[in-house]
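**Q** need coordinates for the following:
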Amino acid sequence: MSAPPGSARPASRRPPMAVAVRAVVNEVQVSGRFISNDVWTTVLPATAFVLAAARHSGHTGGRIAVDFLCGALYFWLYIYGFTLTNQLYGVEEDRVNKPFRPLVTGRSSYRGAQRRAVVVLLLFPAVAWWLGVLFWALAWEATYLLTNVARWERHWFLKNLSMGIGVTVQLAAAWTIVAPLTPSAWRWVITLAVSIWLLIPLQDLRDVKGDLVNDRRTFPIALGERFTRAYLATGFALLPVVVHLLLLEPSASPWKYPLEAVLAAISWLVAVRVVGPRSPPGPPPPHPGVARRPPAPTTPGRLLHRETAREPGLCR
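**A** Model prediction:
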């Protein structure tokens, strides 16, 4: 018997597999939005260090491909856990400095980000255990929880120290995924970690307005922008010399001189730009104590209770 005219047909249901695939794809896209600022500075360099360890260990072909995939997965989760907690505690700041982030735009709900943070906090050590780098993963989780949740990031010394520790455990894990750490590998890890620790205030120069809103005393706020720029220019000018003496001079690779030339060009360009002419500053941000009316759809309170229809993933 045919259905009566005008009667509504039951909505078609998607196959469970299609729903699961769509949810997983959505989660990958959301995670990409959370870490979009950090892929070039974390995932790619650390995975490149994995490949360097693989070449040093004599791996070829399919073995290197496996090393690459393992490194990419590990360091995607490595930075994802950090950015989730960082952005959960920095919504107000991101409205000023990075308004494209998911919690500001509404691409992820506040509650969804909380659930993702818990999932990654558990999943990351499990992956690390499988790869044989559990110690380095737990050390990193302790570091970023102290930084973002215990608010180490409010003081410039503790904030910069946590980044130095982060680079150390990052590169140590990258090498250990492939092979045991050797004295030569440790020399690379420590030299790069200390260099980044000393020069990390560069990223704070662009975030001064948001840091003031969040009542954070970063290096340029605590010690002054003029001193910070002079300090960074000196550090970047000396960086190629340090890398040459400690890392590249002992190497017999024919690529060391081109690499040194590229590093010197980039470092000295940064040194010049840090102290060079700049565009005039914009209007000062409101004092943290001044009441503000942020856009209603993206306030943390509303995000906490909202299940957005644009978030069909596993952690709504």
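**Q** residues in contact with residue 56?
**A** Contact partners of residue 56, counting by Cβ atoms under 8 Å, 6 or more residues apart in numbering, are residue 179. C-beta here means a position set from N, CA and C on the backbone, and glycine is covered the same way.
**Q** and it, how far from residue 86?
**A** Residue 56 is 33 Å from residue 86, where distance means Cβ to Cβ, to the nearest Å.
**Q** now do residue 134
**A** Distance of residue 134 to residue 86, given as Cβ to Cβ: 23 Å.
**Q** so which of these two has more stuff around it?
**A** residue 86 (21 against 16; other Cβ atoms under 10 Å).
**Q** my guess is the more buried one contacts residue 148. True?
**A** Yes: in this structure residue 86 lies within contact range of residue 148 using Cβ atoms under 8 Å: 4.9 Å.
**Q** which residues touch residue 153?
**A** Under the criterion of Cβ under 8 Å, 6+ apart, the contact partners of residue 153 comprise 86, 147, 159, 162, 216.
**Q** part of a strand, is it?
**A** No: the assignment for residue 153 is helix, going by DSSP: H, G, I helix; E, B strand; the rest coil, so no strand is present there.
**Q** start at 547, not 1
**A** Done: numbering now begins at 547, and the last item shifts to residue 699.
**Q** now the end-to-end length of stretch 749-762.
**A** Stretch 749-762 stretches 14 Å from its first residue to its last (Cα to Cα, to the nearest Å).
**Q** let me know the average pLDDT across it.
**A** Averaged over stretch 749-762, pLDDT sits at 79.
**Q** for the chain, longest helix please?
**A** With residue count as the measure and DSSP state H as the assignment, the chain has helix 607-634 as its longest helix.
**Q** in that helix, what counts as buried?
**A** The neighbour-count check on helix 607-634 (16 or more other Cβ atoms under 10 Å) flags 610, 613, 616-617, 620-634 as buried.
**Q** need the CA coordinates for the helix or strand following it. CSV is fine.
**A** Reading on from helix 607-634 to the C-terminus, the next helix or strand found by DSSP states H and E is helix 637-643. Coordinates of each C-alpha in helix 637-643 appear next as CSV, following Å, rounded to 0.1, in the frame of the first residue of the first chain:
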residue,chain,number,x,y,z
VAL,A,637,40.2,32.6,25.5
GLU,A,638,40.3,36.3,26.5
GLU,A,639,43.9,36.7,25.3
ASP,A,640,43.1,34.9,22.0
ARG,A,641,40.4,37.4,21.2
VAL,A,642,43.1,40.1,21.1
ASN,A,643,46.1,38.2,19.7
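**Q** against which helices or strands is helix 637-643 packed?
**A** The criterion is 3 or more Cβ pairs under 8 Å, 6 or more residues apart in numbering; DSSP states H and E, and the helices and strands that helix 637-643 contacts are helix 648-651, helix 754-759.
**Q** could I get the ones you listed as CSV with distance to residue 774?
**A** Compiled in CSV, those are given as follows (distance: least, Cβ to Cβ, whole Å):
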stretch, distance to residue 774
helix 648-651, 27
helix 754-759, 10
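**Q** okay if I get those as CSV plus mean neighbour count and distance to residue 686?
**A** Shown next, in CSV, are the helices and strands packed on helix 637-643 (neighbours: other Cβ atoms under 10 Å; distance: least, Cβ to Cβ, whole Å):
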stretch, mean neighbour count, distance to residue 686
helix 648-651, 22, 22
helix 754-759, 20, 23
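**Q** list the buried residues of stretch 688-704.
**A** For stretch 688-704, using 16+ other Cβ under 10 Å, the buried residues are 689, 690, 692, 693, 694, 698, 699, 702.
**Q** and for stretch 589-603?
**A** Of the residues in stretch 589-603, 589, 591, 592, 593, 595, 596, 597, 599, 600 count as buried by neighbour count, 16+ other Cβ under 10 Å.
**Q** return the closest of these with respect to residue 812.
**A** Distances from the buried residues of stretch 589-603 to residue 812 were compared by Cβ to Cβ; the smallest belongs to residue 591, at 13.5 Å.
**Q** tell me the secondary structure for the closest one?
**A** With three-state DSSP as the basis, the three-state label of residue 591 is helix.
**Q** that one and residue 605, how far apart?
**A** Noted for residue 591: a distance of 19 Å to residue 605, by Cβ to Cβ.
**Q** before we move on, back to that, can you list which of the buried residues of stretch 688-704 are found in helices?
**A** Cross-referencing the buried residues of stretch 688-704 with the helices (criterion: DSSP H) gives 689, 690, 692, 693, 694, 702 as the overlap.
**Q** and for residue 685, nearest residue in space, chain neighbours not counted?
**A** Of all residues beyond its chain neighbours, the one nearest residue 685 is residue 715 (4.8 Å), with distances taken as Cβ to Cβ, 6 or more residues apart in numbering.
**Q** still on that earlier bit, select, out of the helices and strands packed on helix 637-643, the one closest to residue 721.
**A** That would be, of those and by Cβ to Cβ, helix 648-651, which comes in at 32.1 Å.
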